[in-house]
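S.K.: Prediction below, plus the sequence it came from.
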Amino acid sequence: MEVEIPRDFLMDADDQVQSPLFRLPLEVRRTIYELAFREQAIDDGNYVKGINDESFIVDECQDQQDSVHNAQEFRTLHNWIRPGCTTRLKSETALLRTCQLAYMEASSLLVSTMELKCYQGYGPRVRPSRYLKRLTDAQRSDVHRLHLFTQVRDFDRNGAWLRQQLEPVAKSLQHLTITLRDLGGAPGTPMLLNPYQSGVANSQAMAQYMKKTERGEELSIPPASWASSFAFFPALKTLTMELEDEEGRKIELESLAQWATTWKFPLGGNQFMSSKTAPSSRAWRRPRPQYDEELYGSYKPHPRIITWTIRWDAPPIRTVANDAASQEETMATATETDDEPLLQRPAYDPRLGGLNSIFAHADESSLRQLAEWGVI
């Protein structure tokens, strides 16, 4: 985890030129750090002994009672244990202890390479906002990936709930995944999720908006809707939503997923996140618990769960200049009219980290701006 580094610590860092690692470009070293910090499953670290991702595989050719993946019976299995959430993960941090320079360059990447998991309703941790506030300021500024597990009744009841829960990492969050469980709720309850409606969605309004979409009408997101929350995450690049429910609502779920690909979520600066790829689906089933058939009668397998995944992408980030032509014109004018000698680019300094790359590629006008700000 990143901590504040004293200035004398940075000044005393050896440039490590004898090391092959530090003779590589900074961009390459950062890639190496990210690979080194990538989370790996802990051997025998399953939350429940004998339960792993394969335990949730659905074999279409066999009844679940005879499936080899579900032969291991268990006594209890929490609802939050599911594919992708069956074992503890760890990141190796030995690299940070090798030298001051490695720590200085790589410490911030430790958190940024992780995908934090937050649970609302039921799960292994407290609600998202309390969990995220436990991180230090430096750690929160490095959170780039987050996976939120919640239910629709928590998600759309209050349009501000999402941004309130994720507010501690709002400025740094780049990739957000939201898994919405039990969309239908009780048996027979229609599947409800509507970005164009403030408050709890209802089937009548959803049907109307679906028809408007089919007619090609332009729809707007209300400011009080949950769908307006993404404008409060200025660094957000991708949004992934997993919509899942029991197999009995398979047709409804697919219809909702296809409609969701037409949604456009507002961002700052009159920009929108949109879906550019077709949604994908998968099926899984909770493994069989220990069961006394003599006491309770014949065992009925858990229903299959269908999960649809949809991804939205933010538009590419524009440069500081409004367009490339105006930027080139500014550079040309500065070159022709300035009588001052060209600024000398700073020499490479390992203590400057990513600034070395900026100094090496900045144009002349940008260098002058950096000089005016006192950076160089």
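M.R.: Happy to help now that I have it.
S.K.: where along the stretch 1-150 of the chain do the helices fall?
M.R.: Assigned by DSSP state H, counting those that start in this stretch, the stretch 1-150 of the chain shows helices spanning 7-11, 26-37, 100-112, 128-133, 137-141.
S.K.: contacts for the fourth one?
M.R.: Which is helix 128-133. The list of residues contacting helix 128-133 from outside it, by C-beta atoms under 8 Å, 6 or more residues apart in numbering, reads 116, 118-120, 125, 140, 143, 148, 164-169. Where you see a C-beta, it was placed from the backbone N, CA and C, and this is true even at glycine.
S.K.: swap the cut-off to 7 Å and go again
M.R.: 118, 120, 125, 140, 148, 164-169 (C-beta atoms under 7 Å, 6 or more residues apart in numbering).
S.K.: Rank the residues you listed by pLDDT and give me only the lowest.
M.R.: Least confident of the contacts of helix 128-133 in the model: R125, at 68.
S.K.: Which helix or strand in the protein has the lowest average pLDDT?
M.R.: helix 324-337 (a mean of 40; mean pLDDT, DSSP states H and E).
S.K.: quick one on the thing from earlier: reformat the helices of the stretch 1-150 of the chain as a markdown table; add mean neighbour count and distance to A201.
M.R.: A markdown table is the format used below for these (neighbours: other C-beta atoms under 10 Å; distance: least, C-beta to C-beta, whole Å):
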| stretch | mean neighbour count | distance to A201 |
| --- | --- | --- |
| helix 7-11 | 10 | 52 |
| helix 26-37 | 15 | 39 |
| helix 100-112 | 20 | 35 |
| helix 128-133 | 17 | 21 |
| helix 137-141 | 16 | 32 |
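S.K.: With distance to E254 added, can I get the ones you listed in a markdown table?
M.R.: Converted to a markdown table, the helices of the stretch 1-150 of the chain look like this (distance: least, C-beta to C-beta, whole Å):
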| stretch | distance to E254 |
| --- | --- |
| helix 7-11 | 55 |
| helix 26-37 | 36 |
| helix 100-112 | 35 |
| helix 128-133 | 29 |
| helix 137-141 | 37 |
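S.K.: Nearest to A283, out of those helices?
M.R.: helix 128-133 (27.7 Å; C-beta to C-beta).
S.K.: how many neighbours does P20 have?
M.R.: As a burial measure, P20 scores 7 neighbours (other C-beta atoms under 10 Å).
S.K.: ok, and the most crowded of the contacts of helix 128-133?
M.R.: V169 (26 neighbours).
S.K.: I'd assumed H144 was in contact with it.
M.R.: No. In this structure V169 lies outside contact range of H144 using C-beta atoms under 7 Å: 8.7 Å.
S.K.: how much space is there between the residue nearest to R88 when sequence neighbours are not counted and E252?
M.R.: Spatial nearest neighbour of R88, chain neighbours left out: G45 (3.9 Å); criterion: C-beta to C-beta, 6 or more residues apart in numbering. Using C-beta to C-beta, to the nearest Å, G45 is found at 37 Å from E252.
S.K.: of those two, who's got more company?
M.R.: E252 (15 against 12).
S.K.: what about the helices of the stretch 1-150 of the chain, which gets the closest to I57?
M.R.: Using C-beta to C-beta, the nearest of those to I57 is helix 26-37, at 28.6 Å.
S.K.: wait, what's in contact with K171?
M.R.: 234-235.
S.K.: how much space between it and R140?
M.R.: 9 Å.
S.K.: tell me the mean pLDDT over stretch 255-274?
M.R.: The model assigns stretch 255-274 a mean pLDDT of 93.
S.K.: just to revisit the earlier point, what's the separation between the residue nearest to R88 and R304?
M.R.: In terms of C-beta to C-beta, G45 sits 27 Å off from R304.
S.K.: close enough to count as contact, T261 and T277?
M.R.: No. In this structure, T261 is not within contact of T277 by C-beta under 7 Å, at 8.3 Å.
S.K.: Looking at those two, which one has more neighbours?
M.R.: Taking other C-beta under 10 Å, T261 and T277 do not tie; T261 has more neighbours (16 against 11).
S.K.: which residue packs closest to that one, ignoring adjacent ones?
M.R.: S275 is the one closest to T261 (C-beta to C-beta, 6+ apart), at 4.4 Å.
S.K.: same check, this time on G123
M.R.: W80 (4.4 Å).
S.K.: which stretches of this structure form strands?
M.R.: All strands of the chain, identified by DSSP state E, fall at 40-46, 87-90, 115-119, 145-151, 175-181, 238-246, 265-266, 272-273, 280-284, 305-313.
S.K.: Among those, which comes closest to S220?
M.R.: It's strand 265-266; of the strands of the chain, that one is closest to S220 (C-beta to C-beta) at 8.5 Å.
S.K.: still on that earlier bit, comparing the helices of the stretch 1-150 of the chain, which gets the lowest mean pLDDT score?
M.R.: helix 7-11 has the lowest average pLDDT among these, namely a mean of 46.
S.K.: quick one: contacts of stretch 111-118?
M.R.: Here stretch 111-118 has contacts from 1-2, 34, 37-39, 91, 125, 128, 131, 139, 142-148, using C-beta under 7 Å, 6+ apart.
S.K.: one more time with 8 Å, if that's ok
M.R.: 1-2, 34, 37-39, 85, 91, 125, 127-128, 131-132, 139, 142-149, 165, 175, 177.
S.K.: What ranges in the stretch 1-150 of the chain fall below the confidence cut-off?
M.R.: 1-13, 59-76, 125 (pLDDT under 70).
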